[in-house]
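Trainee: got a structure for you, letters missing:
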């Protein structure tokens, strides 16, 4: 199955959502998306290494973004999704950040991928948000002038010029060496190799 088949039939999902953080993310994010952006929630993407769950997928023309409402736990999942070009970018937000700072999550995505959002997003989000964005590798932290928040997010992308030097790309190369393994078996193998 090619990547277009695995991410077709997008629509704006309605509640109920599986988790509270998905519902909160959808409530805040969907109102700011540009009209041509297509959305699919709780997507299982078929890859050569098995199915990989993604909380939300946004599609705009030929660009696809995946959003995970969890901390970065399965780097190999992201490596397969990015390497095989099922997604162009993957965001990970912690549950507590989505529930406590949903506007900051949206602001971060708007800042880094503005084409996915409508023209009214900037004025709406910036009415009392002056945020300092710091990107160190794939880790992102935000500091607000009026609040001290402990906010962490991760963004992995294959659209930057030097993506081949990032960790996810080396994990993808390992996946290519073992096309017969599922991502879970491959992760076990990689973990055992690193512990030696």
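Mentor: Good, I have the coordinates. For clarity, every value in this text was computed on a predicted model and none was experimentally measured. Numbering: from 1, shown residues only.

Trainee: Any regions of the chain where pLDDT drops low?
Mentor: Applying pLDDT under 70 to the chain flags the ranges 1-16, 71-73, 126-152, 160-161, 193-196.

Trainee: what ranges do the strands span in it?
Mentor: For the chain, the strands defined by DSSP state E cover 38-47, 50-60, 63-68, 89-93, 131-136, 139-144, 152-157.

Trainee: And the ones you listed: which comes nearest residue 30?
Mentor: strand 38-47 (6.9 Å; CB to CB). C-betas here are computed from N, CA, C, even on glycine.

Trainee: remind me, longest helix of this protein?
Mentor: The longest helix of the chain (DSSP state H) is helix 183-195.

Trainee: How far off centre is it?
Mentor: With CA atoms, centre = their mean, to the nearest Å as the basis, helix 183-195 stands 23 Å off its chain's centre.

Trainee: now swap in stretch 177-185 and tell me
Mentor: 22 Å.

Trainee: buried sites along that stretch?
Mentor: If you call a residue buried by 16 or more other CB atoms under 10 Å, then stretch 177-185 has these buried ones: 181, 183.

Trainee: Test my guess that residue 186 contacts residue 176.
Mentor: No - if you go by CB atoms under 8 Å, residue 186 and residue 176 don't touch, sitting 10.5 Å apart.

Trainee: quick one: which of these two has more around it?
Mentor: Regarding residue 186 and residue 176, a neighbour count based on other CB atoms under 10 Å identifies residue 186 as having more, with 22 against 12.
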